[in-house]
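Chemist: Let me see the structure of the following:
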Amino acid sequence: MSNIEPILLFGAIALIAIQVLRTRLPIQAQSFQILSGVIVGFMLFVGFTDVTAGSLNLMRATHVDEVLAELERNPSEKRLDVLIIGSSRSANAIDDDRLEAALEKAGFPYDVRFIAAGGFFAFEHEALLDEYLRETDRIPIAVLFEVSTEAKVVLDANKENKASGIRFLNGGHAWLAFEHLMESDGPLIEKTRNLQTYARHIFYRMFNIGLAGHAKYRDFLLPRDAYQPFDTPDPDFDPDSVRSALPKDFPVLVARADVLDATLRWRARQAASLPKRGIKNALYFTPPILDVYRRAHQAAICARVPAIRCIEYSDSDLPEQLTNEHWRDAGHVLRSGAEIYTDWLAERLIRKLAGE
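Modeler: Prediction:
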């Protein structure tokens, strides 16, 4: 018998016991008592599942948990940490060891801790920060959040009803999605479908629905580094798209970028909340991407939220340095591009840490 089956057995026994032990009452009262018994049995089942999963160190494991496992099992040996949180665009663009060496050379002997994985977007990054703080019990000297995926309000179809769509979903994340969906353009039927998906995933998470199918032992996860470089370009990548990503009218595109007020409010709230948690430096960065409209969207967020401090690459010569031989596809750079971007990021991060 597996460790999950006793949980199901306990729930069944609880329901049977309530039914057998109930007193003989009028039919209406019996119906109410049966319903109450079902509810009580279900809540006992949920509570027992929580206790059992916690005692056995079981979790809804996702591929980003493998990155977290690497950080948890290899604790920082240095006094202070710099934590970077991002999506796959960051995972292949930032060489954390190279960045750490550059910081140390500049007189900042900090440990660079890096959490990034494909499919985990802006709204989940706060949950990843919470997980890091809880599991490592360390407060970073600086946290760098990727500004890149705020438009990913709709839950990725690849994550629907899966551990990756449920694991880091909480009430705050769901409310952000609701705010953004209500303000965004699009058919009402599509908004309704996405709200239903979020509601279903919240229900799954609250009541441990599907945990048996997703559960893995935390201690058995195979740790892996967040930095996942690419060495060969995508065969379908068009190198000419690099030249078209250098428009002369980029400031105009930034001014015209359609950024939801919900996004601006959320980023402002986030920046204001981090110092209250002991994080002295909250910085926002944009990883390399060729889509000029997405880049304008990112730059507009930085321009319209005075409370956030951005490291935004469109205001420098970095786009000119990242020529076509450094790209894997329109949204990800190769290892050579990661070296260029990491050196560029290090230079600007050092300035921020120095108080410039």
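
Chemist: wouldn't A106 be in contact with L349 here?
Modeler: No - judged on CB atoms under 8 Å, A106 makes no contact with L349 at a distance of 9.2 Å. To be clear about C-beta, it is placed using only N, CA and C from the backbone, and glycine gets the same treatment.

Chemist: Who has more neighbours out of these two?
Modeler: Each of A106 and L349 has its neighbours counted (other CB atoms under 10 Å); L349 has more, 25 against 15.

Chemist: Enumerate every residue touching that one.
Modeler: 82, 99, 103, 142, 144, 283, 311 (CB atoms under 8 Å, 6 or more residues apart in numbering).

Chemist: before we move on, which element is it in?
Modeler: Per DSSP states H and E, L349 falls inside helix 335-353.

Chemist: Then H297?
Modeler: Using DSSP H and E, H297 falls in helix 292-304.

Chemist: list the buried ones in that helix?
Modeler: Buried residues in helix 292-304, counted by 16 or more other CB atoms under 10 Å: 292, 294-304.

Chemist: packing partners for that helix?
Modeler: Applying 3 or more CB pairs under 8 Å, 6 or more residues apart in numbering; DSSP states H and E, we find helix 292-304 packed against helix 250-256, helix 261-273.

Chemist: Pick the most deeply packed of those.
Modeler: Most buried of the helices and strands packed on helix 292-304 by mean neighbour count (mean count of other CB atoms under 10 Å) is helix 261-273; its value is a mean of 17.

Chemist: Could I get the CA-only coordinates of whatever helix or strand comes next after it as CSV?
Modeler: Using DSSP H and E, the helix or strand that follows helix 261-273 towards the C-terminus is strand 281-285. Taking C-alpha atoms only, strand 281-285 is exported to CSV below (Å, rounded to 0.1, in the frame of the first residue of the first chain):
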residue,chain,number,x,y,z
ASN,A,281,17.3,46.6,-2.9
ALA,A,282,14.3,45.6,-5.1
LEU,A,283,15.4,45.8,-8.8
TYR,A,284,13.6,45.0,-12.0
PHE,A,285,15.4,43.8,-15.2
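
Chemist: Sheet-wise, list the partners of strand 281-285 with their directions.
Modeler: strand 142-146 (parallel), strand 309-311 (parallel) (DSSP bridges).

Chemist: Mean neighbour count, the ones you listed: which tops it?
Modeler: Using mean count of other CB under 10 Å, the stretch among the strands paired with strand 281-285 with the largest mean neighbour count is strand 142-146, at a mean of 24.

Chemist: Pull the residues that contact it.
Modeler: 82-87, 89-90, 110, 116, 122, 125, 129, 270, 274, 279-287, 311, 349, 352-353.

Chemist: Can you tell me how far P140 is from L211?
Modeler: 31 Å (CB to CB, to the nearest Å).

Chemist: neighbour count winner among those two?
Modeler: P140 (26 against 21).

Chemist: For that one, give me phi and psi.
Modeler: phi -70, psi 150 (degrees, to the nearest 10).

Chemist: Contacts only, for it.
Modeler: P140 touches 80-83, 113, 279, counting by CB under 8 Å, 6+ apart.

Chemist: Restricted to strands, list these.
Modeler: 81-83, 113 (DSSP state E).

Chemist: In PyMOL, how would I select the buried members of the contacts of P140?
Modeler: To isolate the buried members of those in PyMOL, using 16+ other CB under 10 Å:
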select buried, resi 81+82+83+113+279
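
Chemist: now the contacts of P140 in JSON lines, with distance to D225 and pLDDT?
Modeler: Below are the contacts of P140 laid out as JSON lines (distance: CB to CB, whole Å; pLDDT from 0 to 100):
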{"residue": "L80", "distance to D225": "21", "pLDDT": "89"}
{"residue": "D81", "distance to D225": "16", "pLDDT": "93"}
{"residue": "V82", "distance to D225": "16", "pLDDT": "96"}
{"residue": "L83", "distance to D225": "15", "pLDDT": "96"}
{"residue": "R113", "distance to D225": "11", "pLDDT": "95"}
{"residue": "I279", "distance to D225": "23", "pLDDT": "93"}
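
Chemist: Which two of the contacts of P140 have the greatest separation?
Modeler: The span of these, defined through CB to CB, is set by R113 and I279 at 12.8 Å.
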